[in-house]
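This is a predicted model, with the sequence first.
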Amino acid sequence: MDISRRQVLQLGVGFPAFLKAARGAPKRNVLFLAFDDLNAHLGCYGSPVVKSPNIDRLARSGVRFDRAYCQFPLCSPSRTSLLTGLRPDTTRVYDLSTHFRCTVPDAVALPQLFRQNGYFSARVGKIFHYGVPGDIGSSGLDDWRSWNQAVNPRGRDKDEEDLLVNHTPKRGLGNSLSFLAADGEDEEQTDGLVANEAIRLLEKHRNRPFFIAAGFYRPHCPYVAPKKYFGLYRVEDIRVPRVPENQVKSVPEPALQSTVPWPWLGVTEAQAAESIRAYYAAISFADAQAGRILSALERLGLAENTTVVLWGDNGYHLGEHGLWKKQSLFEGSARVPLIIAGAGVAVRGGTCTRPVESLDVYPTLADLCGLPAPANLQGTSLRPLLDNPDGAWTRPAYTQVTRAKRTGYSARTGRWRYTEWEGGAQGRELYDYESDPGELTNLAGDSRHESVMAELRERIKGIRPR
C-alpha cells in the first residue's frame, strides 16, 4: 500500500495504529446500541406489557444481564463512566455540564481505544452526553478524539414540540411528563434517522474493522413516537404503582428527593397512566429502529464477526415509591438493561444474575477484541460470564448519586442492597430482594442484619475517595 504519513493523519488515525491495521486488521467489529432513559420494562426482562421484539430477539442470541447497574443514575455521569471505564469519583462528572476532558483530560475513551488501534470509529446520535430534546441536532458534550465520523440527526420530533401534550408545563421539556403521538413515518423522527445513518455506515465500512455506536434519543422525554406505537397500548390497561403509605416515614429523606413534588411530580393518576403509555410507545418505537440496524448487520453478512452491546444509560421510575424518572438509589433507577451478543459470546439465550456494572463494558470489549485496555480501568471484563453466565462472581455493583447536596452510595449484591447517605449520617437503607423485591421494607434498623450492613459498608469504603 502506497500511502503517505500525511494521508494517514488525514484519515484521523495515528500512524502506528494504521500500520498495525494494515498488517492484519482485527476481524471482530463492535456495534454499540445505547438508549436514553431505557429501563428494564422489556419483554426479555419479563414485562408482560411492553412490546420489544427486536431487543428480545437480540437477547435470545446472547447473554442478558439481569442485574446490571449504572454508576450514577443521570445521563452524563453514567455515560462518562461507561465510556471511560472510570467511576464518577474518578471522572468527577456528577452533572450534565462537566466534560470529562476538563477533569481527566488524558483518559482514553472506549471508542478512542478502538480508533487508536486501526478501527473506523463512528457514532450516530447520543453517545456522550447532550441534552434531550434541547441539543438534538448538535454535538453536545461529544469527544472529538473518539471518532473518525460523527452524525447529529434532527427529525420532525424536534420541530413539532409545540404539539406536545405536557402534564408538567412548569418543567423544562427534558424533565417533563410530555408526549406526542406523531404523524408521519418512523424515518422522519430523529431515532429513525439514527437508524438510517447507522445502516449507511455499516454498508460503507463493512470491509474494515469498525466500532459503530448508534445512540437513540428515546424513550427519554418528551415521549414521542409515531401513532402506530401508541396504538400498541391502551391507557385503560396501564396500572400506576401504588404509593406505599409508610414510604416517607421508613426511608431517609434524601431517598425520595429525586421527585419533587412527591409523589409523581404532582400529576394525577390518570395523567401518570397516560405518561406511562407514552413511555412504552417510545420504547417500542426505539426497539423497531434498533431492529432495522440489527437486520442490516445480518443482511450485510457482518453478524458473525460483530460483537453487539445493547445498553440503557440509567433506569427510570414510572411511579414506584411515588418516584418518576431517575436519580434515586432504588432498583428502578439504578438498574439498566444490558445485553451482549454476537462474536465472542459463547452462550445463546443466556441469563446472568450476577451483579455487574456499566463500567464493566469497556474492559469487556477490549478483552473480546484483543485490544490493550488502559491500566486504570475500574471495571472488570465480563468475558467469563459470557462463557458461563452462572460462573463465580463476587463483586457487588455500586451506584451513587447526589440529591440536595447529600451524596448517597449503594452496593447491590445478588440478594441485598445497602445504601448510606453522607456516610450514614443522613440515614441508611437495607433491602432483602428474596423477601422484598419491591423495596418496601427498610431493614437498616434491624439488628439481625448488622453483619450484612457492616460488610457492605466496608465494600463502599473501598470505592469512595479517600
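Everything's here; your move.

Give me the longest strand you can find in the chain.
The longest strand of the chain (DSSP state E) is strand 210-219.

Tell me the strands beside the helix or strand just after that one, with direction?
Counting by DSSP states H and E, the next helix or strand C-terminal to strand 210-219 is strand 223-226. Using DSSP bridges, the strands paired with strand 223-226 are strand 178-182 (parallel).

right, and the helix or strand after the partner strand?
Defined by DSSP H and E, the subsequent element after strand 178-182 is helix 190-204.

tell me the angle of that following helix relative to strand 210-219?
Inter-element angle recorded for helix 190-204 and strand 210-219: 170 degrees (by axes from the mean of the first three to the mean of the last three C-alpha atoms, to 10 degrees).

Restricting to C-alpha, output the longest strand of the chain in CSV.
This file holds the C-alpha atoms of strand 210-219, laid out as CSV (Å, rounded to 0.1, in the frame of the first residue of the first chain):
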residue,chain,number,x,y,z
PHE,A,210,-15.3,-0.8,12.9
PHE,A,211,-16.7,0.5,16.2
ILE,A,212,-20.1,1.9,15.3
ALA,A,213,-22.2,3.4,18.0
ALA,A,214,-25.9,4.3,17.5
GLY,A,215,-27.4,6.4,20.3
PHE,A,216,-31.1,6.6,20.4
TYR,A,217,-32.9,9.5,22.0
ARG,A,218,-36.0,7.6,23.1
PRO,A,219,-37.6,6.7,25.4
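
From the contact counts, what lies against that strand?
Contacts defined by 3 or more C-beta pairs under 8 Å, 6 or more residues apart in numbering; DSSP states H and E place strand 210-219 against strand 29-36, helix 110-116, strand 120-125, helix 190-204, helix 269-299. C-beta coordinates here come from the backbone N, C-alpha and C atoms, glycine included.

Tell me, how many residues neighbour residue 336?
Neighbour count for residue 336, taken as other C-beta atoms under 10 Å: 27.

show me what contacts it?
38, 39, 40, 68, 69, 70, 311, 312, 313, 314, 315, 358 (C-beta atoms under 8 Å, 6 or more residues apart in numbering).

if you set the cut-off to 10 Å instead, what comes out?
35, 38-40, 65, 67-70, 73, 78, 82, 311-316, 356-358, 399 (C-beta atoms under 10 Å, 6 or more residues apart in numbering).

on that earlier part again, for the helices and strands packed on strand 210-219, give me JSON lines that also has distance to residue 414 and mean pLDDT.
Compiled in JSON lines, those are given as follows (distance: least, C-beta to C-beta, whole Å; pLDDT from 0 to 100):
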{"stretch": "strand 29-36", "distance to residue 414": "25", "mean pLDDT": "98"}
{"stretch": "helix 110-116", "distance to residue 414": "27", "mean pLDDT": "98"}
{"stretch": "strand 120-125", "distance to residue 414": "34", "mean pLDDT": "98"}
{"stretch": "helix 190-204", "distance to residue 414": "35", "mean pLDDT": "98"}
{"stretch": "helix 269-299", "distance to residue 414": "27", "mean pLDDT": "98"}
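
Indicate which one of these is closest to residue 462.
Closest to residue 462 of these is helix 110-116 (C-beta to C-beta; 24.0 Å).

my guess is residue 338 contacts residue 58, does it?
No. Here residue 338 does not reach residue 58: they are 11.3 Å apart, not a contact under C-beta atoms under 10 Å.

Residue 399 falls within a strand, correct?
Yes. Counting by DSSP: H, G, I helix; E, B strand; the rest coil, residue 399 falls inside a strand.

roughly how far apart are it and residue 84?
Relative to residue 84, residue 399 is positioned 17 Å away (C-beta to C-beta, to the nearest Å).

Repeat that for residue 282.
28 Å.

How many neighbouring residues does residue 447 have?
Residue 447 has 8 nearby residues by other C-beta under 10 Å.

which residues touch it?
Contacts of residue 447 by C-beta under 10 Å, 6+ apart are residue 453.

one step back: of residue 282 and residue 84, give the one with the bigger neighbour count.
residue 282 (29 against 25).

now the more buried one, nearest residue through space, not along the chain?
Closest residue to residue 282 apart from its sequence neighbours, by C-beta to C-beta, 6 or more residues apart in numbering: residue 219 at 3.5 Å.

Since that was my last question, I'll sign off now.
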